[in-house]
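In: fold the following and give me the result.
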Amino acid sequence: IEKGITVTDDDLKKKYDENKNQYEQVKARHILIAFKGSPAAQEGKPELTEEQAKAKAEDLRKQIFGGASFEELAKKESDDVGSGTRGGDLGAFGRGQMVPEFEKAAFEAKPGDMTAVVRTQFGYHIIKVEGHDSTPFDQVKPTLEKAERSARMQAQLEQMKTSAKVSFNDTYFG
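Out: Here you go, the predicted structure:
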């Protein structure tokens, strides 16, 4: 069955185009201001209420629009210790890798844009989108081909099952 299945480059390109958003990536930085009870709250730092955390995030955003360095504020103020030390740099990430509210804001923003303050369970984020990209077709082609071959083989097996005319000899199994 497997040898009889052919998958053309055109078939794969069509699948790629149909699911292009799965291959999208965003390169971004962020500053996180955690509130009391957040998994990102830092020990030894003053605990902020949600209102205080949001106000602080809004103030930092205004400072950035006023000319302050996003990277320097991230290093100094972000409660995300991992990205904070790198100036808020998150690198590139695809869909499904971040919490939904964060992902939505990051993917909707254009390169060079800074989002409004976004609330997640971790706190309030200021996201600076540095780029949008897609994984090229050539890089995902082998994975797409494997999945398509598997799907076609499964479909053929299901078709064989439903079209099989099985009969039993009752006297034999009696």
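
In: buried residues, the strand ranked longest in the chain. List them.
Out: Longest strand in the chain by number of residues, with DSSP state E as the criterion: strand 123-134. Residues of strand 123-134 classed as buried: 123-129, 132 (neighbour count, 16 or more other C-beta atoms under 10 Å). Every residue, glycine included, has its C-beta placed from N, CA and C.

In: now it, how far from the centre of its chain.
Out: Put simply, strand 123-134 sits 11 Å off its chain's centre (C-alpha atoms, centre = their mean, to the nearest Å).

In: coming back round to it: quickly name whichever of the buried residues of strand 123-134 is closest to residue 13.
Out: Nearest to residue 13 among these: residue 132, at 20.7 Å, using C-beta to C-beta.

In: kindly reformat the buried residues of strand 123-134 as TSV containing pLDDT.
Out: Listed next are these as TSV, based on pLDDT from 0 to 100:
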residue	pLDDT
123	96
124	97
125	97
126	97
127	97
128	97
129	97
132	90
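
In: and the furthest pair within the residues you listed?
Out: Comparing every pair within these by C-beta to C-beta identifies 123 and 132 as the most remote, at 24.7 Å.

In: name the next helix or strand downstream of the longest strand of the chain, please.
Out: Toward the C-terminal end, the helix or strand that comes next after strand 123-134 (DSSP states H and E) is helix 137-163.

In: please identify the buried residues of that following helix?
Out: So helix 137-163, judged by 16+ other C-beta under 10 Å, has buried residues 137, 140, 144-145, 148, 152.

In: stretch 76-87 too?
Out: Judged by neighbour count using 16+ other C-beta under 10 Å, the buried positions of stretch 76-87 are 77-80, 83-84, 87.

In: from the residues you listed, which land in strands?
Out: Per DSSP E, the buried residues of stretch 76-87 never map to strands.

In: out of those residues, which comes closest to residue 23?
Out: Of all the buried residues of stretch 76-87, residue 83 has the smallest distance to residue 23: 23.3 Å, by C-beta to C-beta.

In: correct me, but the closest one touches residue 75?
Out: No - using C-beta atoms under 8 Å, residue 83 is not in contact with residue 75; the gap is 9.8 Å.

In: counting contacts, what elements does the longest strand of the chain pack onto?
Out: strand 24-33, helix 50-65, helix 100-108, strand 118-120 (3 or more C-beta pairs under 8 Å, 6 or more residues apart in numbering; DSSP states H and E).

In: sheet-wise, list the partners of the shortest one with their directions.
Out: Looking back up the chat, that one is strand 118-120. strand 123-134 (antiparallel) (DSSP bridges).
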